[in-house]
Each structure stands twice: as structure tokens, then as C-alpha cells.
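Participant: One predicted model, sequence on top.
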Amino acid sequence: MSTSPVAPHRLDPAGGCPHADNARLLAGAAVARVVLPGDVEGMAVLGHDALREFLAHPEVAKNARHFTALREGRIAPGWPLLTFATVHGMTTADGDDHRRLRSLVSRAFTARRVEELRPRVEELTARLLDDLDRAAEAGGGVADLRRHFALPLPMGVICELLGVDAEYRERLHQLSNQVVATDIAPRDAVAANRELVAVLAGIAAAKTERPGGDLTSALIAARDEDGDRLSQEELIGTLVLMIIAGHETTLNLITNAVRALCGHRDQLDLVLAGGASWTDVVEETLRWDAPVSYFPFRYPVRDLAVGGTVIPRGTPVLAGYSAAGRDPAVHGPDADRFDVTRPGREGAVRHLSLGHGAHYCLGAPLARLEADIALERLFARFPGLDLAAPESELSRHSSFVGNSVRALPVRLGR
């Protein structure tokens, strides 16, 4: 059994395209030692089968009390990944606490409830396509699809669910970007987290005074009716999770899908001709260019053998979704090829990009619905849409957590 003697891979805080590094690391082992910002030692699970096992393992925890370096005071204030470890919510809870917190919001994301949102998502998509068209006219035929379409769609939907007024949405997105950035300075990280918490606390306070039929009001009612069900810290932590996860992942998914289709016109033509569905596009994008590359954190509660490598107890472990999506051991020698007709793996999931096990993404049905509608309506209206800059010139996220580009300039091809 390996204890991974190979020199650890130092993750670049500035982010960038992960796929070349992933391929190199996967060629060595399904699990790799990594160095996180601040010279914090960690590990990443990269192989599909190893990650599937790890995500559902009963001796892997999410609560940061199991994070040895944090518990021993070796993590500095302002560490850029600290929020991922310490936010009070379902992503850092285990067992009964996790089930309690998840149950408070799960009813808003059932398949039936999400399907009821379809008309509103379609209405918002149509309006945003008009906005994108106007932006292109004003920009000499070029518009940033990410800014004018891929961002406001999921942000609009999640904010409506939470009852967050439109005036807050741009700032909440900016703060979310700072919270998930891995190259942010400690002082800026602290300031961004404090402001995000303050903004959401202010929204919660307003909803306490004037409750409505939204999810935030329902969470406040749970807090006030029975404090054992939800504390104030858990309320704010849940809102942080809903805002960030509720739009960042889908934003990257839509952006990455458009990039993939523009770079593989044969695949786009196949879909437009009815040879594959938009659902196929969404699932293949999730596999081929996962919206989240390395997601923090999980901690083995004992020394644990995964994929032939021992992960020591208390190690902060990243879930390597983008690596698992292109694992040739599972997806074959053409794993790095974008193919919307790629069959699902018999007896197993096609990808792990929305998680696996108890912490499987609660918003997965909503993300899929939004992306499916967005892509279908976008290319129905602008079938000749193409990138206005080479893929190699697109600036990447300043994070190894989120996997996408900062802007996506396109020509609509009327």
C-alpha cells in the first residue's frame, strides 16, 4: 500500500486550466499529495472509482473538527480556503446534523418543485437573450455571454427562491467570487467573508420583519419556532451556501458548455439536427469540463486506504471532479474528447461532478433544468453563435476550485 512518496503537487492559487496537471497526476496514481495555499499539506482524490468510494465512505467526515492542522492552530486567519472548512451549514456537517440541515431546504429542490420552476426559468431566459442581443449590438457585434446570460440566469433564479431583492445580486456575486478565490490576500479574504455574512444577515433581518413565501422566510421560521432545528449561525451559513453554490456552479456549467460546443461544431450540429439532446450536452459538459475542479474539504477520521494510497487521519482532502471526469481508466483512451453521444457507464454514474453519497448536490435538478433550457433557447435563437476570441486567449478563474473562464466574448451570428 502506497503512502504516496512522490513529491506533492503544488496547486497554483491563480487557478488555470486543470486538465494537463490532472492527466499527469492521474498517470501516477488515483490519489495525489498536494500543497495548498499557505504551504498547508493536503491530498486530492482524482480517479473516478477512488473518488466515488471516498465520497461515500462512512469514515470520511466534513466537520472541520477533524481537520488536524486547523484544530492544532496551524491555519492562519485569512487563509483563502477557510470558509470552505468553517462555514456553519450542511457542507460542513455530518450525520444527524447534516440530515437536519439538509431537510430544512430539500423540499425546495425536489424534482417536482424544480419542474414547477420551468415556466419562470423559460421566461427569465427569454428576457436575458434579449439583453444579450442588445449588448452585442452595443458592442459592435460582440457580447460577454457569461456576464449577460450565464450569470444572471442562475443568480436570478436562486435569489427569487431565497427572496433576495435584485439590488443585492451584483454585490453578492462579487463577494461569492472573492470567497471561492484561492489567490486572494488574507486581509481581502477576511473582509469579503465579513461583508458577505453582513449582507446576508441584513437580508435575514429584513425577512424577519417582513416574511414572505420564500425559502429565507421558511428558514427563519424554523429558527424562531424551534432553535434546536436551526441556529442563527446555521441560518447565515445556509444562505452563504445557497447563494454561492446556487449560482456559481450553474454559471460555470453554462459557460463551459457554450465553449465546448463552439469548439466542437460537429457536436453542436448533431444536437441541432436532433441526433443528441441538450441533456446529453449538459451531462457531457459536466464530465468533460466540470464546473468545479477541486472541491474542499473532507477528512478521514482514521488512516484510510483509497485507490491504493493511504490518506492520513485529519488530512484536508480535495474532491478532484475535473480529473475524475477524464479518467481514462473509466472513460477510455478518448476520455479527453468531448462527445455528446458518449454512452453512460453501465451500472455506474456517468460522472461525479455533482457529488456522490450523502452530500450529493441538493441543487442538481435545478442546475440541470437551468442549463438545459439556457442552451436550447440560446442556440435556437443564435445557431451561428461562436467565440469572438480564441480559447487560448480566454482568461481563467483565479481559483483551483471553480473551473471556467472570467469572460466569454461571443458573436451571435445573426
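Facilitator: Noted; the coordinates are in hand. All figures in this text were calculated on a predicted structure; none of them were measured in a lab.
Participant: Only C-alpha atoms from now on, for both contacts and neighbour counts.
Facilitator: Will do.
Participant: Show the contacting residues for the residue nearest the centre of the chain.
Facilitator: Closest residue to the average C-alpha location of the chain: Thr249 at 3.4 Å, with C-alpha atoms, centre = their mean. In this structure, Thr249 makes contact with Pro291, Val292, Ala367, Gly402, judged by C-alpha atoms under 8 Å, 6 or more residues apart in numbering.
Participant: Need the contact partners of the helix or strand hosting Ala192.
Facilitator: Secondary structure from DSSP states H and E places Ala192 in helix 186-209. By C-alpha under 8 Å, 6+ apart, the surrounding residues in contact with helix 186-209 are 77-80, 83, 164, 172, 175-176, 178-179, 216-217, 220, 236, 239-240.
Participant: again with stretch 253-267
Facilitator: Residues contacting stretch 253-267 (C-alpha under 8 Å, 6+ apart): 145-146, 150, 268, 281-282, 285-286, 289-291, 338-340, 371, 374-375, 385-387, 391, 404-405, 408.
Participant: Tell me the buried residues in it?
Facilitator: For stretch 253-267, burial by neighbour count (16 or more other C-alpha atoms under 10 Å) applies to Leu253, Ile254, Thr255, Asn256, Ala257, Val258, Arg259, Ala260, Leu261, Cys262, Gly263, Gln267.
Participant: and the fourth one, helix, strand or coil?
Facilitator: So that's Asn256. When classified by DSSP: H, G, I helix; E, B strand; the rest coil, Asn256 comes out as helix.
Participant: repeat for the last one
Facilitator: At Gln267, secondary structure determined by three-state DSSP is helix.
Participant: Could you check the pLDDT of it?
Facilitator: pLDDT recorded at Gln267 is 97.
Participant: Next one: it from Glu391, what distance?
Facilitator: As judged by C-alpha to C-alpha, to the nearest Å, Gln267 and Glu391 stand 17 Å apart.
Participant: Please apply the same query to Pro300.
Facilitator: Per C-alpha to C-alpha, Pro300 is found 38 Å from Glu391.
Participant: Tyr321 now?
Facilitator: 22 Å.
Participant: Please say which of Pro300 and Glu391 ends up with more neighbours.
Facilitator: Neighbour totals were compared for Pro300 and Glu391, and Pro300 leads with 23 against 14 (other C-alpha atoms under 10 Å).
Participant: Torsion angles phi and psi at the more buried one?
Facilitator: phi -60, psi 140 (degrees, to the nearest 10).
Participant: Neighbours of the closest residue to it other than its chain neighbours, how many?
Facilitator: Using C-alpha to C-alpha, 6 or more residues apart in numbering and skipping residues adjacent in sequence, the residue nearest Pro300 is Val60, 4.3 Å away. By other C-alpha under 10 Å, the residues close to Val60 number 20.
Participant: Against Leu101, how distant is Val60?
Facilitator: 19 Å.
Participant: same thing with Ser217?
Facilitator: With C-alpha to C-alpha as the criterion, Ser217 and Leu101 are 15 Å apart.
Participant: again with Asp303
Facilitator: Counting by C-alpha to C-alpha - Asp303 and Leu101 are separated by 28 Å.
Participant: Apart from its chain neighbours, what residue comes closest to Val330?
Facilitator: His48 (6.8 Å).
Participant: Quick check: that neighbour touching Pro328?
Facilitator: No: assessed by C-alpha atoms under 8 Å, His48 is found out of contact with Pro328, at 9.2 Å.
Participant: Give me the packing partners of the one helix or strand Arg24 maps to, helices and strands only.
Facilitator: Assigned by DSSP H and E, Arg24 belongs to helix 19-28. Under the contact criterion of 3 or more C-alpha pairs under 8 Å, 6 or more residues apart in numbering; DSSP states H and E, helix 19-28 touches helix 321-325.
Participant: now the least confident helix or strand in the chain by mean pLDDT against helix 186-209, angle please.
Facilitator: Taking mean pLDDT, DSSP states H and E as the measure, the chain has helix 215-225 as its least confident helix or strand, at a mean of 85. Relative orientation of helix 215-225 and helix 186-209, computed by axes from the mean of the first three to the mean of the last three C-alpha atoms, to 10 degrees: 80 degrees.
Participant: Now do helix 215-225: distance to the chain's middle.
Facilitator: 26 Å (C-alpha atoms, centre = their mean, to the nearest Å).
Participant: cool, stretch 60-76 as well?
Facilitator: Counting by C-alpha atoms, centre = their mean, stretch 60-76 is centred 23 Å from the centre of its parent chain.
Participant: ok, and for it, which residues are buried?
Facilitator: Val60, Ala61, Lys62, Asn63, Ala64, Arg65, His66, Phe67, Thr68, Ala69, Leu70, Ile75.
Participant: Okay, now it: how far is its last residue from its first?
Facilitator: Stretch 60-76 end-to-end distance (C-alpha to C-alpha) = 24 Å.
Participant: Please state the mean pLDDT value computed over it.
Facilitator: Mean predicted confidence for stretch 60-76 is 96.
Participant: and for that stretch, what are the contacting residues?
Facilitator: Contacts for stretch 60-76 (C-alpha under 8 Å, 6+ apart): 40, 54, 85-86, 91-94, 297-301, 313-316.
Participant: want to try JSON lines for the contacts of Thr249, with distance to Leu352, secondary structure and pLDDT as columns?
Facilitator: Formatted as JSON lines, these follow (distance: C-alpha to C-alpha, whole Å; DSSP: H, G, I helix; E, B strand; the rest coil; pLDDT from 0 to 100):
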{"residue": "Pro291", "distance to Leu352": "11", "secondary structure": "coil", "pLDDT": "97"}
{"residue": "Val292", "distance to Leu352": "11", "secondary structure": "strand", "pLDDT": "97"}
{"residue": "Ala367", "distance to Leu352": "14", "secondary structure": "helix", "pLDDT": "95"}
{"residue": "Gly402", "distance to Leu352": "15", "secondary structure": "strand", "pLDDT": "94"}
